[in-house]
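Asks: Here you go, sequence then predicted model.
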Amino acid sequence: MSFHPKMPYGTGWHRSERKLAELGPEFAYTPENQARFDAIVKRYPPEHRRSAILPALHLVQAQQGYITGHAMTFVAGQIGCTPADVEDVVSYYTMFFTQPVGTYVLYVCRTLSCALCGAERLTEALEEKLGIRAGQTDATGTFTLLEVECLGACDRAPVVMVNDEWHECARPEDAAALVDALRERGTAALTGCHLCVERRNGQ
Amino acid sequence: MTMQPILTQHVREPNSFTLDFYLRHQGYEGLKKALALPPNDIIEMVKQSGLRGRGGAGFPTGMKWQFVLKDTPKPKYIACNADESEPGTFKDHVLMERNPHLLIEGCAIACYAIGAKVAYIYIRGEFYHVQLALERALDEAYAAGWLGKNIQGSGFDCDVYVHRGAGAYEAGEETALLESLEGKRAQPRIKPPFPAVAGLYGCPTAVNNVETLCNVPLIVKNGAEWFTALGPEKNGGPKLYCISGHVARPGVYETSMSTTMKDLVFGADFAQGMANGRRLKAVIPGGSSVPILLPDQLDVPASFDGIQKAGSLLGSAGAIVMDDTTCMVWLAENLLHFYQHESCGKCTPCREGTDWLLKILRRIERGEGEMRDLDLLQSVADNINGKTLCAFGDAAATPVLTTLKHFRHEFEAHVREGGCPLHAGWRRRGTAAAAH
């Protein structure tokens, strides 16, 4: 069917590239997360519950690892907006996943200060060790490797964020050992942020 | 010339982030003093101090507060910009992690001054551990009556909340920050109206950077004259500088704005010169969005006005230092990858232009460029510069315009030699292959 004689509608042209997230299993917050959400939403004026979309989605991702269609509908119900409003937000922010990711998501900073200190080599070393390219998850679902833009830790370049934790001064030659250490000890293997001195010292 | 640190004086001491520690070092004295004064006096004091916004634009904070609509039945808000996502910038992070009560005190005074009861601290999503530090400090402040209802018996109510972003550079632009805070995509609004008139939820709002708000308690406590005397004219107060890249000692350094850029890079108290004995090639003095300074342009005060006179901008004071192994075409490509990725997509020149700039730069870096590509780069960049709603467009065009201006011969060499003549050891091993 064509609405215009010269435009090949329906043949691949002008087809929306918008991909809907998979619906996934039914979603509801755990009682703890529901309580957290109910507390957070009170920070905003009652007529502006929509402000709580970002915190609501962070809770979904913490609970389920990524954000499914059912989760978006659930959040819309909690906020009082449409699922499309939620999808609009999910699709914009880079920290939200609509696909399953590995147990450990490695975000390697690729922007200038880190790149000057060897971030490109670090990514290569991680790719080699994990046997995947940046943007992929390994076959066991343990690691997802991502290149991201400036993480704001340029004095400790190159920096890698693993889930919500930082690993500073990550040299390419230590990349393989870092992966092994993560497998063995989880995020305890990371340096953490150098400013969390007391936490680093185990206090 | 060096100055004793003020904002970061105690940040290296154990438990500097606790309320106990803060109160032992005259913490919340500024708020106490402020609550005994009429709000207008605070605004006047901040105006006289000449405090300029530390987020990048350097706009006088007192004036920003004065513009906040007074006669309105609507609530007013303080939005603290803790997005800190300008490449090369990591100063607010130190303040929030090690001296969070200073920011909380600054938020409370700002609220009191403009007549707001709520401040939202918008923190970038990647700063999760910083958010935890802030929330711990907020809990302490509430429990001790420095926040909440009837603060210290003054009758003034103030709430401060942390709002976590989710990975968007553009959320650092003030109106995009407000959109994000409202639960939408972080895209800028048309100005005017400015946030001071119609900001968060359409209400009068002042958007201030973390470091800016951290200076406010000091001004109230010590007076406007004390603040102005700390730096050159119109550039008073302490300033945090972030120095990263090929330097011996990268980090955050606090000093007066009469310190020169050269001192910051080479001084024994600061970054201590180039790492590995290499030669300095260029400095981007204020975060990735500002023009390059060459080695012979660094002997200027690192103040808003000093750096501007030298042909660049102080911006967020994130200086990125490059040695002579750095290829300037690669640098432009690296930064355009950033801008292409972070463009919010609202304005066509920026959304499409950054994509084309990146494509052309990749082509040249790979050795597939032609001489006419250089003019094309210039033309595309000129068609973004100044043609977008927010300053992102100018920022995205800058890396291309500034490298073309100072290092055109490197672009020509890439075209002539069919590849990158300066492929440093710290870069990706496979060039052409990996770029595909």
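Replies: All right, it came through fine.

Asks: So in the chain, where's the weakest helix or strand by average pLDDT?
Replies: I went with chain A, as the question did not name one. Within chain A, no helix or strand scores below strand A:9-14, which has a mean of 60 by mean pLDDT, DSSP states H and E.

Asks: not what I meant, chain B
Replies: Sorting the helices and strands of chain B by mean pLDDT, DSSP H and E puts helix B:432-435 at the bottom, at a mean of 41.

Asks: quick one on the thing from earlier: for the helix or strand that the least confident helix or strand of chain A is followed by, name the packing helices and strands.
Replies: With elements assigned by DSSP states H and E, the helix or strand that comes after strand A:9-14 is helix A:31-41. Using 3 or more Cβ pairs under 8 Å, 6 or more residues apart in numbering or on different chains; DSSP states H and E, the elements in contact with helix A:31-41 are helix A:53-64. To be clear about C-beta, it is placed using only N, CA and C from the backbone, and glycine gets the same treatment.

Asks: Show the model's pLDDT score for A:Arg18.
Replies: Model confidence at A:Arg18, expressed as pLDDT, equals 72.

Asks: is stretch B:166-180 up against chain A anywhere?
Replies: Yes - Stretch B:166-180 lies within reach of chain A by Cβ under 8 Å from any Cβ of the partner chain, at B:Ala166, B:Gly167, B:Ala168, B:Tyr169, B:Ser180.

Asks: what's the burial count for the third one?
Replies: Summarising burial for B:Ala168: neighbours were counted as other Cβ atoms under 10 Å in any protein chain shown, giving 25.

Asks: quick one: contacts for it?
Replies: A:Tyr92, A:Tyr93, A:Thr94, B:Ser85, B:Ala176, B:Ser180, B:Ala186, B:Glu342, B:Cys344 (Cβ atoms under 8 Å, 6 or more residues apart in numbering or on different chains).

Asks: name the element the last one belongs to?
Replies: Following DSSP H and E, there is no helix or strand that holds B:Cys344.

Asks: Report pLDDT for it.
Replies: pLDDT, read off for B:Cys344, is 96.

Asks: So is the longest helix along chain B next to chain A?
Replies: Counting by DSSP state H, the longest helix found in chain B is helix B:392-417. No - counting by Cβ under 8 Å from any Cβ, no contacts exist between helix B:392-417 and chain A, the nearest distance being 9.2 Å.

Asks: Give the rounded mean pLDDT of that helix.
Replies: Across helix B:392-417, pLDDT averages out at 97.

Asks: buried stuff in it?
Replies: Residues of helix B:392-417 classed as buried: B:392-404, B:406-407, B:410-411, B:413-415 (neighbour count, 16 or more other Cβ atoms under 10 Å in any protein chain shown).

Asks: Repeat that for stretch A:172-189.
Replies: Under 16+ other Cβ under 10 Å, the buried positions of stretch A:172-189 are A:Pro172, A:Ala175, A:Leu178, A:Val179, A:Ala181, A:Leu182, A:Ala189.

Asks: wait, which of the residues you listed is closest to B:Cys420?
Replies: B:Cys420 has its nearest neighbour among the buried residues of stretch A:172-189 in A:Pro172, at 19.6 Å by Cβ to Cβ.

Asks: The top strand by length along chain B vs chain A: in contact?
Replies: When chain B is parsed with DSSP state E, its longest strand is strand B:238-245. Yes - using Cβ under 8 Å from any Cβ, strand B:238-245 reaches chain A at B:Cys242, B:Ile243, B:Ser244, B:Gly245.

Asks: Show the pLDDT at the first one.
Replies: At B:Cys242, the model reports a pLDDT of 98.

Asks: Can you report how many residues neighbour it?
Replies: B:Cys242 sits with 29 neighbouring residues when counted by other Cβ under 10 Å.

Asks: Which strand residues bridge it?
Replies: B:Val252, B:Gly318 (DSSP bridges).

Asks: That one: what's it in contact with?
Replies: A:Cys154, A:Asp155, B:Gly88, B:Thr89, B:Phe90, B:Lys91, B:Gly251, B:Val252, B:Ser316, B:Ala317, B:Gly318, B:Ala319.

Asks: ok, the closest residue to the fourth one other than its chain neighbours to B:Phe411 distance?
Replies: In this case it means B:Thr89. In this structure, B:Thr89 finds its nearest non-sequential neighbour in B:Gly318, 3.6 Å apart by Cβ to Cβ, 6 or more residues apart in numbering or on different chains. Using Cβ to Cβ, to the nearest Å, we find B:Gly318 at a distance of 25 Å from B:Phe411.

Asks: thinking again about what came up before, so the residue nearest to B:Thr89 is in contact with A:Gly152, correct?
Replies: No - applying Cβ atoms under 8 Å as the test, B:Gly318 and A:Gly152 come out as separate, 9.3 Å apart.

Asks: and B:Arg279, how many neighbours?
Replies: Neighbours of B:Arg279 under the rule other Cβ under 10 Å: 10.

Asks: Could you check how far it is from chain A?
Replies: As judged by Cβ to the nearest Cβ, to the nearest Å, B:Arg279 and chain A stand 15 Å apart.

Asks: Find the nearest non-adjacent residue to that residue, please.
Replies: In space, B:Arg279 is closest to B:Asp324, 4.5 Å off (Cβ to Cβ, 6+ apart).
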